[in-house]
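I'd like to go over a predicted model; first the sequence, then the structure.
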Amino acid sequence: MGHKEKELKMKKLKITGPCKLSGEVHISRAKNAYLPILAAVLLTDKEVRLRNLPDLRDIKTMVKLLKNLGVEVHEEGETTVFNAKNLSSHEATYELVKTMRASIFVLGPLISRLKKAKVSLPGGCAIGTRPIDIHLKNLEKMGVHIDLNSGYVQANAEELKGTRLALNFPSVGATENLMMAGVFADGTTIIENAAKEPEIDDLANFLNSMGAKISGIGTSKITIEGVKELFETEYESIGDRIEAATYIMAGLATSSDIKVLKFDPTHLEFVIDKLKETGAQIDVLENGVHVKPSKLKSINIETAPYPGFPTDAQAQLVSLSLMSEGTTIVKENIFENRFMHVPELIRMGANINLSGNAAIVEGGHELKGAPVMCTDLRASAALIIAALCAKGETIIDRVYHLERGYEKLSAKFAGLGANVEVIE
Ligand code: UD1
């Protein structure tokens, strides 16, 4: 472990609660939109300009991966400029892939551009096994020859052929990888049972801005007509709906009056409707929402692919439910093993029982500050929300998990008036 990395791993957050929040917070551009868009830079030998990349560890890892493959990168103010004219490698090594599963996004673009790719298998992950069989099986249908060897996916193709693909589950990553693979394919690729997450629309809009021909955006049937070349583009991705959901739930949990701005509230329509059913007062604005002090009651919620309740906001919802009157059942249908926040919340006095893929949350009991540990990105966001509500000091260890996905988290919460301190 290098000195800098060690320092990063030492960082803790101290939150003294209970806190009331006030004012407004500005949402960053979506990490999960920019990760596949960054990979798509590999498709073209023309310049790509991306505005306001969030300053996050996952984004830095993807940029590092691009540089390793020979992409030239430089900054011009808030714009990052990419040029993949001279690719020098077709290999994403274990060293990088192991730190970020989204590295698998380079598979589609590399095979499309270079007709070969070697990408390390992502391996186990804190929130379940997360296989990539849907990506691989459907690339094979497009004419890609796949070998799994010594922990690597080795892919070769003479030519990618457009064809009809039907996904057995609407996987977000597989939809994105196959869409990128289809851009230069011979003929038309149709993805049925495609995922419909807003980040997929964003990737399609980005690719179309370079000259790709993708239609059916936002539906479960995406059509990609192969093209011969792409052109230069400048793009800015959508606001991060999961970051927004996190601040909304932090506002509700602390019964605060805050505005969460600079994201598209239609991306959270289902979440906002569900929260309103609990009694949450949320006014929808053009570029965000206004959260008002609310008295919450329990309802049952389960996660589902978009437009359903996002698995990435499930942990935060468990913390919010601790502040509602009554018993809430939160069911996780997307990932196994995604309740790692629960034992940590129990350390703070929470009354939660796990039964299969459900958390049974008893709300309305006081939480008390305690030393707790981040385990994965969204589980950590749940700890922040609980700490804001708890009486006394909560020291949150392993904050680097949060830095994978929440830009300027402590500064944004401090800006809302939370009593939060970074301990180096
Ligand atoms: C993306 C998001 C992640 C979010 C998830 C679900 C990014 C970078 N990450 O992850 O934050 O939690 O969508 O909204 O955008 N599966 C298979 N085989 C496959 C692919 C997936 O069985 O080939 C399963 C997974 O194990 C999981 C489920 O499908 O149980 C959903 O995975 P998927 O939609 O692919 O999520 P990711 O793209 O990994």
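That came in fine, so what should we check first? Numbering: from 1, shown residues only.

ok, Ala30 to Val361 distance?
28 Å (Cβ to Cβ, to the nearest Å). Glycine gets a C-beta too; all of them are placed from N, C-alpha and C.

tell me who's in contact with Ala280.
For Ala280, the contact set (Cβ atoms under 8 Å, 6 or more residues apart in numbering) comprises 252, 291, 294, 296.

actually Ile27, not the one I typed
239-240, 243-244, 247, 260-263, 288.

how about the contacts made by Met249?
Contacts of Met249 by Cβ under 8 Å, 6+ apart are 275, 313, 316-317, 319-320, 385.

so which of the contacts of Ala280 sit within helices?
Mapping those onto helices (DSSP state H) picks out Leu252.

quick one: which of the contacts of Ala280 is nearest to the ligand?
Of all the contacts of Ala280, the ligand sits closest to Leu252, with 21.6 Å by Cβ to the nearest ligand atom.

what sits against the closest one?
Leu252 makes contact with 275, 280, 291, 294, 296, 320, 323, according to Cβ under 8 Å, 6+ apart.

Glu72 too?
82-86.

mind checking the backbone torsions on it?
Dihedral pair for Glu72: phi -90, psi 140, per degrees, to the nearest 10.

so it bridges to which residues?
Residues in a beta bridge with Glu72, per DSSP bridges, are Asn83.

report the separation between it and the ligand.
Noted for Glu72: a distance of 24 Å to the ligand, by Cβ to the nearest ligand atom, to the nearest Å.

neighbours of the residue in the stretch 101-250 of the chain that the ligand sits nearest to, how many?
Nearest residue of the stretch 101-250 of the chain to the ligand (Cβ to the nearest ligand atom) works out as Gly173 at 2.8 Å. Applying other Cβ atoms under 10 Å, we find 23 residues neighbouring Gly173.

how about the residues of the chain by the ligand?
32, 35, 102, 128, 130-135, 169, 171-174, 195, 199, 310-312, 334-335 (Cβ under 6 Å from any ligand atom).

do a quick rundown of the strands in the stretch 151-300 of the chain.
152-156, 164-166, 188-192, 213-215, 221-225, 233-235, 257-261, 281-285, 288-292 (DSSP state E, counting those that start in this stretch).

dump those strands to CSV, plus mean neighbour count.
Converted to CSV, the strands of the stretch 151-300 of the chain look like this (neighbours: other Cβ atoms under 10 Å):
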stretch, mean neighbour count
strand 152-156, 19
strand 164-166, 16
strand 188-192, 19
strand 213-215, 16
strand 221-225, 20
strand 233-235, 16
strand 257-261, 21
strand 281-285, 15
strand 288-292, 21
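
how about those in CSV, adding mean pLDDT?
Output for those, formatted as CSV (pLDDT from 0 to 100):
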stretch, mean pLDDT
strand 152-156, 95
strand 164-166, 98
strand 188-192, 98
strand 213-215, 98
strand 221-225, 98
strand 233-235, 98
strand 257-261, 98
strand 281-285, 98
strand 288-292, 98
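
quick one: which of the ones you listed is nearest His90?
Closest approach to His90 among the strands of the stretch 151-300 of the chain (Cβ to Cβ): strand 152-156, 9.0 Å.

circling back: filter the contacts of Glu72 to the buried ones?
82-84 (16 or more other Cβ atoms under 10 Å).

hmm, who's touching the helix or strand containing Lys67?
Take DSSP states H and E as the rule and Lys67 turns out to sit in helix 57-68. The contact list for helix 57-68 (Cβ under 8 Å, 6+ apart) reads 31, 34-35, 38-39, 41-42, 53, 73, 80, 82, 84, 89, 92-93, 96, 99-100, 102-103, 105-106, 400, 403-405.

just stretch 204-224 next, same as before
Contacts of stretch 204-224 (Cβ under 8 Å, 6+ apart): 37, 40, 43-44, 46, 48, 162, 170, 175, 179-180, 182-183, 185, 188-196, 200-201, 225-227, 229-233, 235, 237.

so how far does that stretch reach from one end to the other?
Chord length of stretch 204-224, first to last residue, is 9 Å (Cα to Cα, to the nearest Å).

how much distance is there from it to the middle of the chain?
For stretch 204-224, the distance from its own C-alpha centre to the chain's C-alpha centre is 20 Å (Cα atoms, centre = their mean, to the nearest Å).

pLDDT weak spots in the chain?
Where the chain drops to pLDDT under 70, the residues are 1-9, 123-130.

at 80 what do you get?
Scanning the chain for pLDDT under 80 picks out 1-10, 122-130, 337.

where do the helices sit along it?
3-10, 31-40, 57-68, 94-97, 107-114, 133-141, 172-182, 198-209, 241-253, 269-277, 314-321, 341-347, 377-389, 409-415.

can you list those in CSV and add distance to Val422?
Formatted as CSV, the helices of the chain follow (distance: least, Cβ to Cβ, whole Å):
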stretch, distance to Val422
helix 3-10, 11
helix 31-40, 21
helix 57-68, 16
helix 94-97, 27
helix 107-114, 37
helix 133-141, 38
helix 172-182, 32
helix 198-209, 29
helix 241-253, 17
helix 269-277, 29
helix 314-321, 21
helix 341-347, 19
helix 377-389, 13
helix 409-415, 5
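
what about these, which gets the closest to Asn156?
The nearest among the helices of the chain, by Cβ to Cβ, is helix 107-114 at 8.0 Å.

the nearest residue to Asn419 once chain neighbours are set aside: what's it in contact with?
Nearest non-adjacent residue to Asn419, counting by Cβ to Cβ, 6 or more residues apart in numbering: Thr16, 4.3 Å away. Residues in contact with Thr16 (Cβ under 8 Å, 6+ apart) are 369, 392-394, 419, 421.

one more pass at 10 Å, please.
Residues in contact with Thr16 (Cβ atoms under 10 Å, 6 or more residues apart in numbering) are 369, 387-388, 390-394, 418-421.

and those as a markdown table, adding distance to Ser215 and neighbour count?
As requested, these are exported to a markdown table (distance: Cβ to Cβ, whole Å; neighbours: other Cβ atoms under 10 Å):
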| residue | distance to Ser215 | neighbour count |
| --- | --- | --- |
| Gly369 | 52 | 22 |
| Ala387 | 46 | 31 |
| Leu388 | 44 | 28 |
| Ala390 | 49 | 26 |
| Lys391 | 54 | 14 |
| Gly392 | 55 | 14 |
| Glu393 | 54 | 16 |
| Thr394 | 49 | 27 |
| Ala418 | 44 | 23 |
| Asn419 | 50 | 16 |
| Val420 | 45 | 24 |
| Glu421 | 50 | 14 |
